[in-house]
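# Pasting the sequence and the predicted coordinates here, then a few questions.
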Amino acid sequence: MNSQSILILYILLFILEFLISWFLSILNLNNILKNRKKVPVLFQQSFDREKYSTTVSYNLDKGRLALVSEFVSAVFLMIIILSGFLGTVDSWMQNYLNDGYVFNIIYIFLISMIFSLISLPFSLYSQFYIEEFYGFNNLSVRTYLLDMLKGAIISLVFMVPLLLGLFYFMDKTGSFWWLYASLFIAAFQLLIMVIYPVAIAPLFNKFTPLEEGELKDRLLGLAEKTGFKTNGIFLMDGSRRSSHSNAYFTGLAKAKRIILFDTLVDSLSVSELEAVLAHEIGHYKKKHIQKGLLSSILIMTAGLFMVELLMNWTALYEAFSFTRQGYHAILIILSICLTPLSFFLSPVSNSRSRKHEYQADRFSHDVTGSSAAMIGALLKLGHDNMSNLTPHKAYSFFHYSHPALAERLAALEDLDKE
């Protein structure tokens, strides 16, 4: 296959992905519009007519922005590829830098930043118009820009040693470099998981130990009852940035921390928070986190093996306007080429994720003895976060890592009937 055939094949796959994605988004928007006049029966006790109307408008605004963003990003990507921009930047940098690891790292970081900047205007509009208009945004422009700067610096700090290690294995360990490199990157991921709670997360938010009282006693009692070892329960000042709410675990082994957004604690009752934590513990006890980590390692290993298979294919470089082979070039090319593939495989990973959510909900039901508190928590979260109550089934099948709220509530109610 020559370079022209490779480029045509990629463009066809990209266009197919784009058209399917757009079609699904339009289906979803139309389904929201079709159901906009009447609150769905399942939510009539939680949403009054005014709140439901606002929720519909919020989801329509987000969906329409996503359509525009996706279109503009697709146009920019095609311009970058068809204009020979990737090869031009490579040739330009050769005038100022010698080939080597430093060249490769700078090139990858530069191209990554360019792709990030394409989405920046839409991110700003989403944050400071849509989120602001609907009462979710608590960020100042200054904090937003500082977060971006800190994120870029942190990315660079971790990317440099990661890429240096990758390039070393590619250079020094023969045809099985991809296997050694995958083990190295997996170890690096585990290291990040260990240091994230204590060194990275505090750069963006303040974490304070949950104060003594009924909530802390109930949550620690639940952790002890389920055999979940934790390094503490912490309250995060999520309201500093947004009115959205969440809860999650972070860290590994005995260093695991339970993180509760302050907005979540303000919204839910003690019993509801207990049910939410039981759900999160369910993910741990069912080994969903470990399975997800193993899955990501296997996918990464497959990706690196693909690099090994394709890194000497001259026509592939020429298809994307590179005049020479190089580690930086093959990594950028494959990151672009694998995007359509990951889209078509997303229903598989999302289906597995939704299955895990149902299993965690069952665990919460079994531990607390009822679905009532979890149902109450989900209804409040759906209300407060203005979740899409009527997603199109095809859209949720492709894009949702969690079951649609109505489906999840129905499953929880069925557990109480068993």
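On my side now, so go ahead.

# where are the low-confidence patches of this structure?
253-255 (pLDDT under 70).

# what comes up buried for stretch 203-211?
Of all the residues in stretch 203-211, those buried under the rule 16 or more other CB atoms under 10 Å are F204, F207, L210. Every C-beta, even on glycine, is put in place using the N, C-alpha and C of the backbone.

# In contact with I81, which residues?
By CB atoms under 8 Å, 6 or more residues apart in numbering, the residues touching I81 are L7, Y10, I11, F320, S321, I336.

# Does it lie in a helix or a strand, and which?
Using DSSP states H and E, I81 falls within helix 49-82.

# before we move on, the earlier item: how about the contacts of I81 in a markdown table, adding neighbour count, secondary structure and distance to Y395?
Converted to a markdown table, these look like this (neighbours: other CB atoms under 10 Å; DSSP: H, G, I helix; E, B strand; the rest coil; distance: CB to CB, whole Å):
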| residue | neighbour count | secondary structure | distance to Y395 |
| --- | --- | --- | --- |
| L7 | 18 | helix | 30 |
| Y10 | 19 | helix | 25 |
| I11 | 13 | helix | 25 |
| F320 | 23 | coil | 31 |
| S321 | 21 | coil | 35 |
| I336 | 18 | helix | 25 |
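
# which among these gets closest to E214?
For the contacts of I81, the closest approach to E214 (CB to CB) belongs to I336, at 52.6 Å.

# For the buried residues of stretch 203-211, give me TSV that also has secondary structure and distance to Q359.
Formatted as TSV, these follow (DSSP: H, G, I helix; E, B strand; the rest coil; distance: CB to CB, whole Å):
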residue	secondary structure	distance to Q359
F204	coil	31
F207	strand	29
L210	coil	27
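
# next one: stretch 308-315 to chain centre, how far?
30 Å (CA atoms, centre = their mean, to the nearest Å).

# Do a quick rundown of the strands in the stretch 151-300 of the chain.
When assigned using DSSP state E, counting those that start in this stretch, the strands of the stretch 151-300 of the chain occupy the ranges 207-209, 233-236, 247-250, 257-261.

# I'd like to know which of these lies nearest to S364.
Nearest to S364 among the strands of the stretch 151-300 of the chain is strand 247-250; the distance by CB to CB comes to 12.2 Å.

# Packing partners of the closest one?
strand 257-261, helix 270-285 (3 or more CB pairs under 8 Å, 6 or more residues apart in numbering; DSSP states H and E).

# on that earlier part again, pick the most buried one from the strands of the stretch 151-300 of the chain.
Of those, the one with the most neighbours on average (mean count of other CB atoms under 10 Å) is strand 257-261, at a mean of 22.

# now that one: how far from the chain's centre is it?
Remark: strand 257-261 is offset 18 Å from the chain centroid, using CA atoms, centre = their mean.

# Tell me the strands beside it, with direction?
strand 233-236 (parallel), strand 247-250 (antiparallel) (DSSP bridges).

# what's in contact with it?
Contacts for strand 257-261 (CB under 8 Å, 6+ apart): 197, 207, 210, 219, 223, 230-236, 238-239, 244-251, 273, 277, 280.

# now do 7 Å
197, 210, 219, 230-236, 238, 245-251, 277 (CB atoms under 7 Å, 6 or more residues apart in numbering).

# how much space is there between the closest residue to L293 other than its chain neighbours and Q94?
Spatially, and ignoring its direct neighbours in sequence, L293 is nearest to Q189 (7.4 Å; CB to CB, 6 or more residues apart in numbering). Taking CB to CB, to the nearest Å as the measure, Q189 falls 33 Å from Q94.

# repeat for D414
63 Å.

# One more: G369?
Taking CB to CB, one finds G369 at 67 Å from Q94.

# neighbour count winner among those two?
Q94 (14 against 9; other CB atoms under 10 Å).

# In which helix or strand does the residue nearest to that one when sequence neighbours are not counted reside?
Using CB to CB, 6+ apart and skipping the chain neighbours, the partner closest in space to Q94 is F103 (7.9 Å). According to DSSP H and E, F103 maps onto helix 101-125.

# going on from that helix, what's the next piece of helix or strand?
Next along the chain from helix 101-125, counting by DSSP H and E, comes helix 131-133.

# Show residues contacting that next one.
N137, S242.

# Buried residues in it, which are they?
Applying a neighbour-count criterion of 16+ other CB under 10 Å, one finds E131 buried in helix 131-133.

# Likewise for stretch 92-107?
Y101, F103, N104, I105, Y107.

# give me the number of residues near G174?
For G174, using other CB under 10 Å, the count is 9.

# quick one: it from F184, how far?
Distance from G174 to F184, by CB to CB: 15 Å.

# related to what we said a few turns ago, going by distance to V89, which of the contacts of I81 wins?
S321 (9.6 Å).

# Now do the contacts for the closest one.
S321 neighbours (CB under 7 Å, 6+ apart): G84, L86, G87.

# Tell me the one of those nearest N385?
When the contacts of S321 are ranked by distance to N385 (CB to CB), L86 comes first, at 39.0 Å.

# That closest one reaches F320, doesn't it?
Yes: between L86 and F320 there is a contact under CB atoms under 7 Å: 5.4 Å.

# follow-up on the earlier one: could you redo the helices and strands packed on strand 247-250 as JSON lines and give each row distance to L145?
Shown next, in JSON lines, are these (distance: least, CB to CB, whole Å):
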{"stretch": "strand 257-261", "distance to L145": "23"}
{"stretch": "helix 270-285", "distance to L145": "32"}
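
# and of the ones you listed, who's closest to F167?
strand 257-261 (33.9 Å).

# and the angle from the closest one to helix 270-285?
140 degrees (axes from the mean of the first three to the mean of the last three CA atoms, to 10 degrees).

# For strand 257-261, output the C-alpha coordinates as CSV.
The C-alpha coordinates for strand 257-261 follow below in CSV (Å, rounded to 0.1, in the frame of the first residue of the first chain):
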residue,chain,number,x,y,z
ARG,A,257,-8.5,8.0,50.4
ILE,A,258,-12.2,8.6,50.2
ILE,A,259,-12.9,12.0,48.6
LEU,A,260,-16.3,13.7,49.0
PHE,A,261,-17.0,17.0,47.2
